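Engineer: Below are the sequence and a predicted model for it; my questions follow.
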Amino acid sequence: MPARAAGQVCRAAVPALLAASPYPRQLQDLGAPVGVIEAGAGDFWVPRGYAHVIANLRGTNGSGGSWGFFDGQERRDLYDLVEWTAAQPWCDGNVGMIGISYYAMAQLAAATQRPPHLKAVFPYDVSVSAWEAANHNGLLNERFATLWLRTVAVLAARGDRLLRRGPSRLARRVLAAPSVHGRFADAGGADMVRGLQLISRVPHAAHPWDDLLRAVRTEHPTRDAWWDERDLRPLLGAVDVPVYIGSEWTNVVLHLPGAFEAWDGLRSNPHVRMALLGAGGLPWPWESMHVEALAWFDHWLRGRDTGTLEGPPVRYWLAGADEWRTSATWPPPAE
């Protein structure tokens, strides 16, 4: 099995929502506004009749092998992981995928492989090209790329003793208190970067993390075959499962362009919807789109009429007018 997974299991067979990334599965219930806690809230999904499965990709937090950073092997692993999830006795064979940022990238990566039991995905705040995520207008985003890769390196080597027990157990209790958790309602990208800065200072093993950092920073300074392997855009035409994408208007540096690229690449897919949020619409830890995602998965995994397909496929917050608008196309027609 290429990935190690932690699932919250229900007694009866239920649909499963799979979240996969190189970030520690053991931290996803911590509730802190840190950019690696993005798999969704299990205590929201499980009481509503879903198994929430959180998996670590190859080479991270106990999964064997070496992490390939969004490569072709990772896509093949994701196919296997979807099919493994569907075959478990607690799963009814219907699998969706969930999570933002890298978790969103993994969803589209899996969807390009067309695993038979993948029924719908919700890749919010997605990037479809590793090159575009690491480079902005052709220039390396040195600060983010370095912080992010070093953070993954630090966390990938930590096990259950540190991530589930001791100080982590105490932190869960404190962060879950409504008076504390409520303060994160406006936590955004700046808070995420501060969290990465703190974690990335911890010493980490050189291999394979420094190798990957060197590849990103110096060995592949232009868009070449190494980056092409990590580009989903040529593969999006194969995606035939329902896809819900979107981002915040303020996330210009990273994920807003990815939403637009995904929309364009999925134009032959009849079941794509997109929502664009105003400032502060997607705080960490990610919870703000859970009700929307529930309607999406209840429709596609359970066959319920939730109204998620009503109206035009694009919904966006228009700053200045301070109102929601809809459109059948993107960009919307000129008024």
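Structural biologist: Perfect, I can see it now.
Engineer: okay, CA-based contacts and neighbour counts for the rest of this
Structural biologist: OK.
Engineer: residues contacting P257?
Structural biologist: S127 (Cα atoms under 8 Å, 6 or more residues apart in numbering).
Engineer: so where do the helices sit in this structure?
Structural biologist: Using DSSP state H, the helices of the chain run over 42-45, 72-86, 102-113, 130-134, 142-156, 160-164, 167-176, 178-181, 189-200, 209-214, 225-228, 256-265, 290-302.
Engineer: Give the other helices and strands that the second one contacts.
Structural biologist: So the one you mean is helix 72-86. The contact analysis (3 or more Cα pairs under 8 Å, 6 or more residues apart in numbering; DSSP states H and E) places helix 72-86 against strand 14-21, strand 91-97, helix 102-113.
Engineer: Could you identify which of these is most buried?
Structural biologist: Of all the helices and strands packed on helix 72-86, strand 14-21 carries the top mean neighbour count, a mean of 28, counting by mean count of other Cα atoms under 10 Å.
Engineer: Show me what it packs onto, helices and strands only.
Structural biologist: strand 51-56, helix 72-86, strand 91-97, helix 102-113.
Engineer: and of those, who's closest to T250?
Structural biologist: Taking Cα to Cα as the criterion, helix 102-113 is the member of the helices and strands packed on strand 14-21 that comes nearest to T250, at 18.0 Å.
Engineer: Just the mean pLDDT for the closest one, thanks.
Structural biologist: Across helix 102-113, pLDDT averages out at 98.
Engineer: and that helix, C-alpha only, in PDB?
Structural biologist: The C-alpha trace of helix 102-113 is given here as PDB (Å, rounded to 0.1, in the frame of the first residue of the first chain):
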ATOM      1  CA  TYR A 102      -2.300  20.300  -1.700                       C
ATOM      2  CA  TYR A 103      -5.300  18.200  -0.800                       C
ATOM      3  CA  ALA A 104      -7.100  19.900  -3.700                       C
ATOM      4  CA  MET A 105      -4.200  19.300  -6.100                       C
ATOM      5  CA  ALA A 106      -4.300  15.600  -5.100                       C
ATOM      6  CA  GLN A 107      -8.000  15.500  -5.900                       C
ATOM      7  CA  LEU A 108      -7.600  16.600  -9.500                       C
ATOM      8  CA  ALA A 109      -4.500  14.400  -9.800                       C
ATOM      9  CA  ALA A 110      -6.600  11.400  -8.800                       C
ATOM     10  CA  ALA A 111      -9.400  12.400 -11.100                       C
ATOM     11  CA  THR A 112      -7.200  12.500 -14.100                       C
ATOM     12  CA  GLN A 113      -6.500   8.800 -13.500                       C
END
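Engineer: Give me the residues contacting it.
Structural biologist: The contact list for helix 102-113 (Cα under 8 Å, 6+ apart) reads 19-21, 38-39, 70, 75-76, 78-79, 97-98, 118, 121-128, 232, 235-236, 238-241.
Engineer: Centroid-nearest residue for the protein?
Structural biologist: In the chain, the residue lying closest to the centroid (Cα atoms, centre = their mean) is Y103, at 2.2 Å.
Engineer: Tell me how far that residue lies from F70.
Structural biologist: 11 Å (Cα to Cα, to the nearest Å).
Engineer: Please apply the same query to L235.
Structural biologist: From L235 to F70 the distance is 13 Å (Cα to Cα).
Engineer: neighbour-wise, which of these two wins?
Structural biologist: Using other Cα atoms under 10 Å as the criterion, L235 and F70 rank with F70 on top: 22 against 16.
Engineer: For that one, which non-adjacent residue is closest in space?
Structural biologist: Leaving aside its chain neighbours, F70 sits nearest to R230 (5.6 Å; criterion: Cα to Cα, 6 or more residues apart in numbering).
Engineer: Quick check: the one you found touching A130?
Structural biologist: Yes - look at R230 against A130 with Cα atoms under 8 Å: they come within range, at 5.7 Å.
Engineer: shared neighbours, these two?
Structural biologist: Shared contacts of R230 and A130 (Cα under 8 Å, 6+ apart): F70.
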